[in-house]
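1. Compute the structure for the input listed below.
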Amino acid sequence: MRKRFYIETVGCQMNELDSELVVAALQEAGYEQVFQRQQADIILFNTCSVRQHAEDKIYSALGRLKHLKEQKPGKVIGVLGCMAQKDQELILKRAPHVDLVVGPGQVARLPELLESLAQGKGPIMEVSLDRRGQPRQKVQASFLNPDRQNRPIVRPVKHQAFVRVMFGCDKFCTYCIVPKVRGPEQSRSPQEILEEVRQLADQGCVEITLLGQTVNSYRWQEPGRTIRLADLLQRVHEVPGIRRIRFVTNYPRDMSRELLQAVRDLPKVCPYLHVPAQSGSNAVLKRMKRGYTIEEYYEMLASIREIVPEAAITSDFIVGFCGETEEDFEQTVRLVEAARFKNSFIFKYSPRPGTKAYELFPDDVPDEVKRRRNNELLAIQNRISLEENQRFIGQTVEVLVEGPSKMAERQSEKNSSSIQLTGRTVCDRIVVFEGSADLAGQFVKVTIKEVSPVTLFGELSLARLDTHADRLGAPVSA
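-> Numbering: from 1, shown residues only. Prediction:
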């Protein structure tokens with residue numbers, strides 16, 4: 001009987017992609033995936049260390065599994081990903097019933113590590129080298145590039161896929177743990193990326209998202225020239241079958257005019273740009289070591305509006321960072337009001353052991369102040385998002401249907417002739433509407449009737465589209 005594994009993923013799109021790779025590797029090795037912990041022989045957590053809440057969630061889950069491990073000692077419990085790389089032995093100290101601790105640079109070795117466990121070797125800890133005090137090349141080599149198994153079964157939906165174009169990060173923002181747990185910045189070769197995209201297209205994928213911690217920092221040296229993200233987009237754009245191309249996450253200083261011109265000129269490239277600002281205050285940005293001023297961020301926004309006026313822009317913000325004053329926070333409010341982002345991801349500052357901010361700055365903003373600023377900024381952003389979405393009422397937009405909405409899944413409506421579906425426009429707006437489940441993976445037109453700050457609600461107006469309209473979306477670049 002094949003051993004069964006369960007994997008739970010916490011965190012960003014990089015983690016989601018890593019989990020897809022884990023599933024592919026384990027299935028290739030003969031394991032069977034199940035979707036409930038109690039059915040599994042192997043329970044895996046792919047973890048995030050960006051915020052304390054994500055780590056607390058995993059440690060709580062591990063605590064609940066202690067009694068299960070006592071009752072069934074043959075079960076394997078593994079912690080993968082960023083928290084594994086960051087905490088290492090601490091995980092085994094806090095949860096001694098854990099069998100595997102595997103960093104993101106070692107997940108490709110998971111079948112081999114499970115085999116070692118089966119032979120009685122354990123617990124096992126496999127992590128990449130620490131960046132401090134080690135030659136860059138040696139550290140880089142310890143963060144392995146996992147071989148991708150491009151099988152539709154490992155992706156949530158066959159018509160959408162993530163494609164990693166870069167690993168790691170060299171920006172070293174003082175609040176961020178990513179350079180420590182994901183390693184040095186490394187770009188993949190264009191040839192390798194294009195081969196993967198072609199395979200995905202052959203499997204029926206129509207939308208890909210190019211991933212990088214700072215994706216627009218992509219850089220690959222070829223004889224006589226340097227390939228940047230704008231060049232890569234041009235090459236990916238030529239792959240038959242792919243109809244939408246997205247890329248996240250962007251670093252403000254690397255948002256070049258050449259890249260914006262590529263977004264403008266390549267119809268398959270979605271005019272959706274996620275460019276985290278983190279703060280509107282120069283004093284805070286300097287302590288964060290973000291590498292740009294707020295004036296430069298405003299200049300970047302102006303370039304986007306000039307070159308890609310229909311672009312939807314989103315951002316990230318941290319409130320309550322070390323030393324943030326009310327005036328600093330008000331400058332962030334002014335940025336949000338001026339930029340009119342499609343939406344923003346807003347978080348309270350969470351000190352992360354291993355970061356420079358943790359070593360250098362006291363966490364001196366009281367939690368109740370952080371909470372107030374978080375709620376205030378979120379309310380402002382929600383008001384702006386609602387106002388921006390209201391202009392779509394009465395308009396018809398093109399939507400790539402992802403499948404049943406969460407409400408439809410909860411209500412087990414999948415077998416009915418008409419269920420609530422969800423999809424996204426070319427500018428990443430979520431659209432909910434009634435339709436047939438077999439529309440998943442299709443491009444349809446939906447007329448918008450109502451809106452909320454995060455969702456457009458509409459009615460299906462045309463079941464399928466066979467040709468490209470204006471930027472795959474018209475009459476609006478939703």
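2. Quick check: C169 touching S187?
-> No - between C169 and S187 there is no contact under C-beta atoms under 8 Å: 11.9 Å. The way it works is simple: take the backbone N, C-alpha and C, and place the C-beta from them, glycine included.
3. Please enumerate the helices of the stretch 1-150 of the chain.
-> For the stretch 1-150 of the chain, the helices defined by DSSP state H, counting those that start in this stretch occupy 13-28, 52-64, 66-71, 82-87, 89-94, 110-118, 136-142.
4. Buried deepest among those, which one?
-> Between these, helix 82-87 has the highest mean count of neighbours, a mean of 26, where neighbours are mean count of other C-beta atoms under 10 Å.
5. any idea of the mean pLDDT in that helix?
-> For helix 82-87, the mean per-residue pLDDT is 96.
6. Please list the outside residues in contact with that helix.
-> Outside helix 82-87, the residues that touch it by C-beta atoms under 8 Å, 6 or more residues apart in numbering are 11, 15, 47-50, 54-55, 58, 91, 101-105, 127-128, 177-178, 180-182, 353-354.
7. Can you tell me how far L360 is from Q33?
-> For L360, the distance to Q33 equals 43 Å [C-beta to C-beta, to the nearest Å].
8. neighbour-wise, which of the two wins?
-> For L360 and Q33, the more surrounded residue by other C-beta atoms under 10 Å is Q33, and the numbers stand at 16 against 11.
9. my guess is that one meets V23, correct?
-> Yes - using C-beta under 8 Å, Q33 is in contact with V23, at 5.8 Å.
10. joint contacts of the two?
-> Contacts common to Q33 and V23, judged by C-beta under 8 Å, 6+ apart, are I7.
11. Which elements pack onto the helix or strand of the chain with the lowest mean pLDDT?
-> The helix or strand with the lowest mean pLDDT-type score in the chain, counting by mean pLDDT, DSSP states H and E, is helix 406-410 (a mean of 75). Helix 406-410 makes packing contacts with strand 419-424 when contacts are defined by 3 or more C-beta pairs under 8 Å, 6 or more residues apart in numbering; DSSP states H and E.
12. Export the strand it packs on to CSV, keeping only CA atoms.
-> This file holds the C-alpha atoms of strand 419-424, laid out as CSV (Å, rounded to 0.1, in the frame of the first residue of the first chain):
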residue,chain,number,x,y,z
ILE,A,419,-23.1,27.7,-9.3
GLN,A,420,-21.3,30.7,-8.0
LEU,A,421,-18.0,31.0,-9.9
THR,A,422,-15.0,33.2,-9.3
GLY,A,423,-12.3,34.5,-11.6
ARG,A,424,-10.0,37.5,-12.3
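13. avg pLDDT for that strand?
-> 96.
14. Mind listing the strands it pairs with, and their directions?
-> strand 396-404 (antiparallel), strand 430-435 (antiparallel) (DSSP bridges).
15. Off-centre distance for it?
-> 21 Å (C-alpha atoms, centre = their mean, to the nearest Å).
16. Can you give the contact residues for it?
-> By C-beta under 8 Å, 6+ apart, the list of residues contacting strand 419-424 reads 399-408, 413, 430-437, 439-440, 444, 446.
17. do stretch 373-387 as well
-> 317, 319-320, 324, 329, 332-333, 336-337, 340-344, 346-348, 451-454.
18. could you flag which of those residues are buried?
-> 317, 319-320, 324, 329, 332-333, 336, 341-344, 346-348, 451, 453 (16 or more other C-beta atoms under 10 Å).
19. Filter these down to just the ones in strands.
-> Among those, the ones falling in strands (DSSP state E) are 317, 319, 343-344, 346-348, 451.
20. And the residues you listed, which two are furthest apart?
-> Greatest spatial distance in those: K348 and V451, 27.7 Å, computed using C-beta to C-beta.
21. ok, E327 - contacts?
-> E327 neighbours (C-beta under 8 Å, 6+ apart): S281.
22. okay, the angle between the lengthiest helix in the chain and strand 343-348?
-> The single longest helix within the chain, with elements called by DSSP state H, is helix 367-390. Interaxial angle, helix 367-390 versus strand 343-348 (axes from the mean of the first three to the mean of the last three C-alpha atoms, to 10 degrees): 180 degrees.
23. And helix 367-390, how far out from the chain middle?
-> For helix 367-390, the distance to the chain centre is 22 Å (C-alpha atoms, centre = their mean).
24. What of stretch 181-195?
-> So, by C-alpha atoms, centre = their mean, the centroid of stretch 181-195 is 16 Å from its chain's centroid.
25. likewise stretch 267-274?
-> Using C-alpha atoms, centre = their mean, the offset of stretch 267-274 from its chain centre is 16 Å.
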